[in-house]
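**Student:** I'll drop the sequence and a predicted model, then ask my questions.
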Amino acid sequence: MTTPTQDRIPDAQALLAPVPGDDPAGASLRYDAVYRAIAEARQHDDESLPMREWERPLVKADWKRVAALASEALATRSKDFQLAAWLCEAWIHLHGAAGFCAGVRLLGALADAYWESAWPRMEAGDAEARCAPIAWLNETLPAVLALHVPLLSLADEKPLHITLDLWERSLAPVDDYDSLGREALLQRAHHAPDRARLDALWRDLHGASAEWAGFDRRIDALLGAQAPSLARVTDTLARLVRAVAALRGDEAGSAHRGEPAATGPAGNNDPVDDPEPMPVLPAAGPGQTAMLAHGRIEDRAHAYQLIRDVADYLARHEPHSPTPYLLRRAVRWGQMPLADLMQDILREDGDIGRYLALLDN
């Protein structure tokens with residue numbers, strides 16, 4: 001894996017300034033040499049595969065080149081979601097969780113500023129081309145986050161870093177003296193330098209989870225029933241947060257406040273922020289106050305608004321949890337006709353079994 005650098009991440013706004021000329025979003029670069037150059041710079045061999053004497057040296061991706069090419073093209077030639085997606089990937093390799101957070105922020109800003117004109121463009125209401133780079137994020141980034149965001153550094157050892165993938169493998173039974181055993185890693189995590197890095201990573205991951213949840217909501221609002229699922233990234237972020245919480249020990253989630261850790265529901269060790277009241281319900285009209293006071297739901301629209309409010313609350317207090325995402329998906333499904341609902345479900349899993357399972361539950 002690439003060791004994250006301390007270089008400054010470029011400002012998203014500088015990359016989104018209008019392209020000079022008649023079209024502020026620039027031109028499509030899909031068949032331009034820069035796409036091919038980025039593809040070549042991204043190529044790499046799997047370092048985990050066994051090597052044989054006759055095989056060539058490992059090909060390693062040049063993530064700095066990917067970032068430079070994508071940044072220059074975004075800033076000066078084309079407001080393109082695939083370029084932004086590649087840049088997000090490169091920033092994860094170069095900057096870890098902070099790079100992911102910056103990349104998702106860039107994608108969200110691109111959607112806000114250039115949704116109608118950015119590339120690939122939507123034609124006559126058909127969002128398939130626009131969905132492609134967004135779906136690519138959900139397919140590609142989980143592995144990047146699991147394999148290339150360092151949780152702990154191991155000086156002068158191989159591997160140099162403990163990632164989510166290695167941490168989850170360390171939970172399997174191992175020799176007591178294995179340097180990658182869970183207890184050995186927990187002991188390392190309490191050394192001062194490692195603890196400070198874990199505290200910083202904890203903050204970065206909560207910021208990343210919030211950014212991703214916001215991007216997910218934005219894409220759902222813009223694409224409706226055509227929006228691709230982003231659940232795999234959400235799940236990977238949740239696993240990263242749980243891994244860092246375990247490495248930080250009982251004080252997880254409260255080191256920045258100097259207070260004992262609070263626990264979540266059912267006694268788990270997920271951190272709970274300072275209490276915040278649930279969102280206030282919309283003001284009731286004449287004759288409705290009694291219904292609301294007794295917890296009655298006015299109508300279907302009111303019921304779905306309550307679900308949205310709960311999802312927003314949980315997203316703020318449990319950004320590592322998939323629950324807010326699932327609640328928002330339920331709201332979106334509730335607004336679809338049956339034909340669109342079936343299409344949305346089948347697009348994700350490819351068969352009717354999941355739909356029938358949902359009905360059974």
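**Tutor:** Received the coordinates, thanks. Note that this is a predicted model, so its numbers are computed, not measured. Numbers count the residues shown, from 1 in each chain.

**Student:** show me which residues of the helix or strand harbouring Ala39 are buried.
**Tutor:** Assigned by DSSP states H and E, Ala39 falls within helix 33-42. For helix 33-42, burial by neighbour count (16 or more other C-beta atoms under 10 Å) applies to Val34, Tyr35, Ile38, Ala41, Arg42. (Each C-beta comes from the backbone N, C-alpha and C, glycine too.)

**Student:** and for stretch 210-227?
**Tutor:** So stretch 210-227, judged by 16+ other C-beta under 10 Å, has buried residues 210-213, 215-220, 222-223, 225-227.

**Student:** stretch 234-246 too?
**Tutor:** Thr234, Thr236, Leu237, Ala238, Arg239, Leu240, Val241, Arg242, Ala243, Val244, Ala245, Ala246.

**Student:** what's the closest of the residues you listed to Ser117?
**Tutor:** Thr234 (28.4 Å; C-beta to C-beta).

**Student:** contact partners for that closest one?
**Tutor:** Ser209, Trp212, Ala213, Asp216, Pro322, Tyr325 (C-beta atoms under 8 Å, 6 or more residues apart in numbering).

**Student:** looking at those, which is nearest Asp112?
**Tutor:** Asp216 (14.4 Å).

**Student:** not counting sequence-adjacent ones, nearest residue to that closest one?
**Tutor:** Leaving aside its sequence neighbours, Asp216 sits nearest to Leu230 (C-beta to C-beta, 6 or more residues apart in numbering; 4.8 Å).

**Student:** is that neighbour in contact with Arg218, as I believe?
**Tutor:** No: the pair Leu230 and Arg218 fails to qualify as a contact (C-beta atoms under 8 Å) at a distance of 10.6 Å.

**Student:** could you list the low-pLDDT ranges of the stretch 101-250 of the chain?
**Tutor:** For the stretch 101-250 of the chain, residues meeting the criterion pLDDT under 70 lie at 154-160, 171-193, 250.

**Student:** those helices in it, which residues are they?
**Tutor:** With helices called from DSSP state H, counting those that start in this stretch, the stretch 101-250 of the chain shows them at 128-148, 164-170, 182-189, 192-223, 231-248.

**Student:** any idea which of those gets closest to Leu29?
**Tutor:** helix 128-148 (12.6 Å).

**Student:** now the contacts of Thr234 as CSV including distance to Trp91?
**Tutor:** Formatted as CSV, the contacts of Thr234 follow (distance: C-beta to C-beta, whole Å):
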residue, distance to Trp91
Ser209, 16
Trp212, 14
Ala213, 19
Asp216, 19
Pro322, 24
Tyr325, 23
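
**Student:** how near is Ile9 to Asp194?
**Tutor:** 23 Å (C-beta to C-beta, to the nearest Å).

**Student:** give me the more crowded residue out of the two.
**Tutor:** Asp194 (20 against 17; other C-beta atoms under 10 Å).

**Student:** isn't the more buried one up against Leu151?
**Tutor:** No: contact criterion C-beta under 8 Å: Asp194 and Leu151 do not qualify, at 9.1 Å.
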